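Undergrad: Return atomic coordinates for the entry below.
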Amino acid sequence: MHAFAFLTWPCWILPALLVAIWLLLWFARNGSRTRMWYAGTAPLVCAAGIVIGVVTMFTAGDRTPADSCAGPQSCAAAGHAAHWASSLSSMSDVGAFLVLNALIAAAVSLPLLVVTAAVELPRMAAARERTTVPGRR
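TA: Below is the predicted model of the structure:
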């Protein structure tokens, strides 16, 4: 729990937007189908954000690898572990930020999905039952 206290405010932008839009959809007129789509696709978008962040972390680094491989011997000649260790210093901060933001958003979107499904699915089933039972108003 203390790990969340050290996160800066930009790490909370996407989770805050998820919750704000989700709350606004509850006040929208005839928005049950929209709420279900939103709650269902939010975790998928977070997963895509994690993938994009990981790809960005390892491909868009603007820093050069550590000096440990800059000697007369290249990292490839030193072995795979040395090459991997030197690549960690050239990871993109933007990619790490995207992964962190998407992970927190995924932790927020999954409970929103559960709450939305627990409320909307019985409501949709009751509405469908009312329209299919003859003689009932």
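Undergrad: And the helices in this protein?
TA: With helices called from DSSP state H, the chain shows them at 2-5, 13-27, 32-59, 75-78, 80-88, 93-132.
Undergrad: want to throw these into a markdown table with mean pLDDT and mean neighbour count?
TA: To be clear about C-beta, it is placed using only N, CA and C from the backbone, and glycine gets the same treatment. Below are the helices of the chain laid out as a markdown table (pLDDT from 0 to 100; neighbours: other C-beta atoms under 10 Å):
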| stretch | mean pLDDT | mean neighbour count |
| --- | --- | --- |
| helix 2-5 | 64 | 7 |
| helix 13-27 | 88 | 14 |
| helix 32-59 | 89 | 16 |
| helix 75-78 | 55 | 14 |
| helix 80-88 | 60 | 14 |
| helix 93-132 | 88 | 15 |
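Undergrad: Ramachandran angles for R29?
TA: phi -80, psi 130 (degrees, to the nearest 10).
Undergrad: so how far is A20 from it?
TA: Counting by C-beta to C-beta, to the nearest Å, the gap from R29 to A20 is 18 Å.
Undergrad: and if you look at V114?
TA: V114 is 19 Å from A20, by C-beta to C-beta.
Undergrad: what does L100 give?
TA: According to C-beta to C-beta, L100 stands 20 Å off from A20.
Undergrad: go on, V45?
TA: Applying C-beta to C-beta, the value for V45 to A20 is 15 Å.
Undergrad: Check L44 too.
TA: Relative to A20, L44 is positioned 19 Å away (C-beta to C-beta).
Undergrad: can you check C11 too?
TA: As defined by C-beta to C-beta, C11 lies at a distance of 16 Å from A20.
Undergrad: Also N101?
TA: From N101 to A20 the distance is 15 Å (C-beta to C-beta).
Undergrad: Also A105?
TA: Using C-beta to C-beta, A105 is found at 12 Å from A20.
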